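Engineer: output the structure for:
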Amino acid sequence: MAFSYNVANANRTVATFKNLILPMASIILNDMSQSGWMVDKRWESLCQRNQDAGGEAFSFISDQVLSDAHVSTSKFIDMFKETDLTFVSRPKKSLERVNEKFSGGLARFDAGKGGADFFFKVISDFSAVRVPVKASSVYDAVEKIQQVIRDNGGVYCVRNHITEVDESGKPKVSAPMKDIILYMFAFVPSTGYVVEMQIGSPFASKTFEIDSVIRGMRSRKESTENVIDLWDDDTYSKISTEILKGPQGNPDFVKQTLEALYVKKNQVVPTDVLDSALFEFQ
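Structural biologist: A predicted model of the protein is given here:
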């Protein structure tokens, strides 16, 4: 692919990182049906570490890279302005969090408890978006996204199909949906980063967002006593099951399930949480 990033027009570490990721992402993420793309050894090179005066640090990942990746997200989103899809950019990734992901993943991998995909997981969400759609419309959204990515010279892979699909990646007729969110990764050379997309129910995205907040608080040794985790009391599973029923689902049950969770800590269900859970029934 005849494309490169000019060092003169960017921070040197940014250009170096983007020129490293360009050939591997363009090749590895080129086919939805291939297997093994998340554990490809080439991702490891982007996570190379070295020793400096302050200790061990990434050779190619810096705060400048993370800032540039976040800025590039708006350029990626702009590609879809002619579609009817809504894209929501996720917050900038912190270098602290990237280091945590690397250290935790490496420790699990070395102990034989984690997969070799952790190198990919470290660099795959520097640019990240959420695409809120009803669970029943996930694959319609995926098809639109894939077309725009192809039109812009990009490549993509789906991480988790949420129903049975044929060889082309399209859902089989009458196959039931098994989850309310699908993860998809894309690489478009003009943006320069792998983009993680969460496509599906806003309730799933809200649950993951709260997860992220809780992880951050714990890493800073802050109390999470008053934070409601939507995984508690099997709340996520109960509401997901109801969402997957589509028009036959019971929004009152969804509301009551959330209220039962929040009342345990004398809290009212936040509007954004309730709205995300009822999105499917609007």
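
Engineer: what is the burial count for the spatially closest residue to A175 that is not a sequence neighbour?
Structural biologist: Counting by Cβ to Cβ, 6 or more residues apart in numbering, A175 lies nearest to E164, which is 4.1 Å off, once chain neighbours are set aside. Heads up, the C-betas are built off the backbone N, CA and C, glycines and all. Using other Cβ atoms under 10 Å, the number of residues around E164 comes to 13.

Engineer: residues contacting E164?
Structural biologist: 171-172, 175 (Cβ atoms under 8 Å, 6 or more residues apart in numbering).

Engineer: distance from the chain centre to stretch 191-207, please.
Structural biologist: 4 Å (Cα atoms, centre = their mean, to the nearest Å).

Engineer: same check, this time on stretch 79-90
Structural biologist: Distance of stretch 79-90 from its chain centroid, counting by Cα atoms, centre = their mean, is 15 Å.

Engineer: tell me which residues of it come out buried.
Structural biologist: 79-80, 85, 87, 90 (16 or more other Cβ atoms under 10 Å).

Engineer: show me where pLDDT drops low in this protein?
Structural biologist: 1-10, 31-34, 53-54 (pLDDT under 70).

Engineer: try 50 this time
Structural biologist: Within the chain, the stretches with pLDDT under 50 are 1-2, 7-9.

Engineer: about what we covered before: turn the buried residues of stretch 79-90 into JSON lines, columns for distance to G105 and secondary structure.
Structural biologist: Formatted as JSON lines, these follow (distance: Cβ to Cβ, whole Å; DSSP: H, G, I helix; E, B strand; the rest coil):
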{"residue": "M79", "distance to G105": "30", "secondary structure": "coil"}
{"residue": "F80", "distance to G105": "31", "secondary structure": "coil"}
{"residue": "L85", "distance to G105": "31", "secondary structure": "coil"}
{"residue": "F87", "distance to G105": "27", "secondary structure": "coil"}
{"residue": "R90", "distance to G105": "20", "secondary structure": "coil"}
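
Engineer: where do the helices sit along the protein?
Structural biologist: Secondary structure of the chain by DSSP state H: the helices cover 12-28, 63-78, 95-110, 118-123, 138-151, 202-219, 235-243, 251-262, 271-278.

Engineer: what comes up buried for the first one?
Structural biologist: It refers to helix 12-28. 13-22, 24-26, 28.

Engineer: again, but for the second one
Structural biologist: Within helix 63-78, the residues scored as buried using 16+ other Cβ under 10 Å are 65-66, 68-70, 72-73, 76-77.

Engineer: same question, the fifth one
Structural biologist: Applying a neighbour-count criterion of 16+ other Cβ under 10 Å, one finds 138-139, 141-142, 144-146, 148-149 buried in helix 138-151.

Engineer: angle of it against helix 63-78?
Structural biologist: Going by axes from the mean of the first three to the mean of the last three Cα atoms, to 10 degrees, helix 138-151 is angled at 110 degrees with respect to helix 63-78.

Engineer: and of the buried residues of helix 63-78, the nearest to F120?
Structural biologist: Nearest to F120 among the buried residues of helix 63-78, counting by Cβ to Cβ, is A69 at 15.0 Å.

Engineer: the closest one and L22: what is the separation?
Structural biologist: In this view, A69 and L22 are 14 Å apart by Cβ to Cβ, to the nearest Å.

Engineer: so what sits against both of the two?
Structural biologist: Residues touching both A69 and L22 (Cβ under 8 Å, 6+ apart) are G192.

Engineer: count the residues that sit near the nearest residue to D125 once chain neighbours are set aside.
Structural biologist: Closest residue to D125 apart from its sequence neighbours, by Cβ to Cβ, 6+ apart: E196 at 4.1 Å. When neighbours are defined as other Cβ under 10 Å, E196 has 19 of them.

Engineer: ok, what's across the strand from E196?
Structural biologist: Beta bridges link E196 to A128, F185, judged by DSSP bridges.
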